[in-house]
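Asker: Based on what follows, work out the 3D shape:
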Amino acid sequence: MSPYAAPSRLTQGEVEWRAGDGGRFTEPFFEETLARWRRAGGAAWTTPPSALEADEADPAALIFHVSRCGSTLATRMLGAPAHHLAVSEAPVVDDILRRTPDAPETRKIAWLRGAMAAFARSQTRPPERLFVKLDAWHLFELPLLRRAFPAAPTLFIYRDPLEVLVSLSRMPSLMTVRDTVDPARLGLTEDERNRLSRDELAAAVQGALYRTALDHREALIGIGYPELVDALPRLPALGLTPEERAVMRAAATADAKSPDQDFTPDTARKRAEAPTEVREAAERWARVDYREWLRASA
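Answerer: Numbers count the residues shown, from 1 in each chain. Coordinates of the predicted model:
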């Protein structure tokens, strides 16, 4: 087994591990890092889930978001200092939260804490701070995640639903797959959920995310997309040094998902190009909840 390995999946009662190279996770998403390791010939093996319980670690912050809202940029910024490590939407975390319904909560917490320790151990140079970006629908698991990591600040990156939905309409994500979010989370029956179009489903998930954020507003540090680059480095909860802030701001000049390209604002373009059906979905399913979140978090 490689000394530089990380858990890749938890399925069928086993944890799959992938051998890495000891380097930092530079891709926008951890799944892409795993793919790079696989292409490089990194071996894979499985262990019982109890292997995740051998160690534990606390992240420096958890990043929640509504998808397509700047959360990848935030993760890239937080991971930019050389002594930081950022993990973005690791599949094993989603497996622990969504694919182990019969596991006791205490076991899930142990697996989550063990996965954090494993990510840190995968580095030749252990990170001083580990930042973890979750999948958008993990906001529904906020109570469990706060019990797992009670000391970690919980950030919530958000953006106008219309702009998010334009992006999801152009390039659908797992959020638009019907079984990703339980219909009860949306306040719908399964039949009602199944009658929604893809745009309506994405909008209904947006509305549910804002209702959930509103329910837990005291626990969340909200950061809107327009102020993200300036606000994130200055958050008191992160305790960043002036040098770390400077490195983070420099990282923000590159496109988050295509780091070889310069960042270009797209708010006006998305609003102008929004199809009628996307506008209607946003108004019906998400706009009211978004406004309530803004009002409560002002």
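Asker: the helices in the stretch 51-200 of the chain, which residues?
Answerer: Secondary structure of the stretch 51-200 of the chain (DSSP state H, counting those that start in this stretch): helices located at 71-78, 91-98, 105-121, 142-148, 161-170, 190-194, 198-215.
Asker: what is the orientation angle of the longest one with helix 161-170?
Answerer: It stands for helix 198-215. Taking axes from the mean of the first three to the mean of the last three Cα atoms, to 10 degrees, helix 198-215 and helix 161-170 form an angle of 140 degrees between their directions.
Asker: And for helix 198-215, what's in contact with it?
Answerer: 64, 66, 136-137, 139-140, 142, 156, 158, 161, 164-165, 168-169, 172, 175-176, 178, 181, 185-188, 193, 196, 220, 222, 277-278, 281-282, 284-286, 288-290, 292-293, 296 (Cβ atoms under 8 Å, 6 or more residues apart in numbering). In short, each C-beta sits where N, CA and C put it, glycine included.
Asker: What's the ChimeraX line that selects buried ones from the residues you listed?
Answerer: With 16 or more other Cβ atoms under 10 Å as the criterion, this ChimeraX line picks the buried residues out of the contacts of helix 198-215:
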select :64,66,136,137,139,140,142,156,158,161,164,165,168,169,175,176,181,185,186,188,193,196,220,222,278,281,282,285,286,289,290,293
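Asker: Out of the helices of the stretch 51-200 of the chain, flag the one nearest Arg38.
Answerer: With Cβ to Cβ as the measure, helix 91-98 is the member of those nearest Arg38 (12.8 Å).
Asker: From the rest of the structure, what touches the closest one?
Answerer: Residues from elsewhere that reach helix 91-98 (Cβ under 8 Å, 6+ apart): 7-11, 15, 30-31, 34, 108, 111-112, 115, 132, 134-135, 138, 141, 144-145.
Asker: Pull out the buried members of those.
Answerer: Here, 16+ other Cβ under 10 Å leaves 7-10, 15, 30, 34, 108, 111-112, 115, 132, 134-135, 138, 141, 144-145 buried among the contacts of helix 91-98.
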